[in-house]
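>>> Sequence plus predicted model, see below.
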Amino acid sequence: MWILSFVPDALVYAVVISIMFIGIALYVISFFTRFIPPLIPYSGIARILGTILTVVGIYFFGSYSTEMSWRAKVAELEEQVKVSEAKSKEANIQIQKVYVDRVKVVKQTQIVIQEKIKEVEIKIDSECKVTPEAVDILNEAAAGVKK
Amino acid sequence: MKTLLVALTILILAGCSTPVKRNFPSVPTELMEACPDLKKTEPTEKLSEVLKVVVDNYGQYHECKIKVDTWVEWYTMQKNIFESVK
């Protein structure tokens, strides 16, 4: 039935309904043909054809309804996806803003601490002397495990 | 006959494709940047110089921690939004 998606809905609906009603009409007419002598030989054929067309029409109508219900579900899902994508973008903006604000606080705190070091720099350096080994150990720790 | 069968199978199976396309949510560019390596201390005898580098490295750690925390938040948020579509 997916091939029907290329045909306009109204046309498909019209064809399906036509088949069904032509079938019903033929079936009903077949009962009256017996009263019209020239049409009596066609009575049986009309009834059979009417029955077939009615059954086929009902089958098509069922298929058409199923197709339409699937299309409605797809449309609903597409709408939900659109909404979720908009929400996702909004969430990204919000997260980005929170992230930038947090990093800003960290950087500001760092500046304040660096300033504090500058204030007591002379005192710290006069009372303590760092050996090259201490610097090496610190750098080794900073380098971490290199693969 | 074989060609006709293959063509028919392709035609029928083509109807099995999912019509609703979903895009993977994009990630804020800031979160895609890798955390930098820790700074190393230049050879010095001054403790204040060493302290400055250590403070810088602590700062980098905090920035990186924020990045990881934000990634977790991003994932949780996007997962909830993704799962809201049924």
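Looks like it arrived, so ask away.

>>> The longest helix seen in chain A packs against which elements?
Counting residues, the longest helix found in chain A (DSSP state H) is helix A:40-127. Where contact means 3 or more Cβ pairs under 8 Å, 6 or more residues apart in numbering or on different chains; DSSP states H and E, helix A:40-127 is packed against helix A:9-32, helix B:29-32, helix B:47-83. Where you see a C-beta, it was placed from the backbone N, CA and C, and this is true even at glycine.

>>> model confidence over it, on average?
Averaged over helix A:40-127, pLDDT sits at 93.

>>> Please apply the same query to stretch B:31-41.
Across stretch B:31-41, the average pLDDT comes to 93.

>>> Out of the helices and strands packed on helix A:40-127, the one nearest A:I124 is which?
Smallest distance to A:I124 across these (Cβ to Cβ): 4.9 Å, for helix B:47-83.

>>> Now the closest one: buried residues?
By neighbour count on 16 or more other Cβ atoms under 10 Å in any protein chain shown, the buried set for helix B:47-83 is B:47-57, B:59-60, B:62-63, B:66-67, B:70-71, B:74, B:77-78, B:81.

>>> ok, A:A141 to B:A34 distance?
In this structure, A:A141 and B:A34 are 20 Å apart, going by Cβ to Cβ, to the nearest Å.

>>> Which of those two has more residues huddled nearby?
Per other Cβ atoms under 10 Å in any protein chain shown, whichever of A:A141 and B:A34 has more neighbours is A:A141, with 11 against 7.

>>> which strands and helices sit next to the strand or helix carrying that one?
Using DSSP states H and E, A:A141 sits in helix A:132-143. With contacts defined as 3+ Cβ pairs under 8 Å, 6+ apart, helix A:132-143 has these neighbours: helix B:47-83.

>>> Quick one: list the elements packing against the helix it packs on.
If you count contacts as 3+ Cβ pairs under 8 Å, 6+ apart, helix B:47-83 packs onto helix A:40-127, helix A:132-143, helix B:29-32.

>>> can you list contacts of the shortest one?
Same thing as helix B:29-32. A:Q96, A:Y99, A:V100, B:K67, B:T70, B:W71, B:W74 (Cβ atoms under 8 Å, 6 or more residues apart in numbering or on different chains).

>>> make it 7 Å
For helix B:29-32, the surrounding residues in contact (Cβ atoms under 7 Å, 6 or more residues apart in numbering or on different chains) are A:Q96, A:Y99, B:K67, B:T70, B:W71, B:W74.

>>> so what's the second one up against?
Contact criterion Cβ under 7 Å, 6+ apart gives B:P28, B:E30, B:I66, B:T70 as the residues in contact with A:Y99.

>>> Need the max-distance pair from the residues you listed.
Greatest spacing in the contacts of A:Y99, by Cβ to Cβ: B:P28 and B:I66 (12.4 Å).

>>> Name the nearest of the contacts of helix B:29-32 relative to A:Q110.
Using Cβ to Cβ, B:K67 comes nearest to A:Q110 of the contacts of helix B:29-32, at 15.6 Å.

>>> Report the separation between the closest residue in space to A:C128 that isn't next to it in sequence and B:M77.
Nearest non-adjacent residue to A:C128, counting by Cβ to Cβ, 6 or more residues apart in numbering or on different chains: B:L47, 4.4 Å away. B:L47 is 44 Å from B:M77, where distance means Cβ to Cβ.
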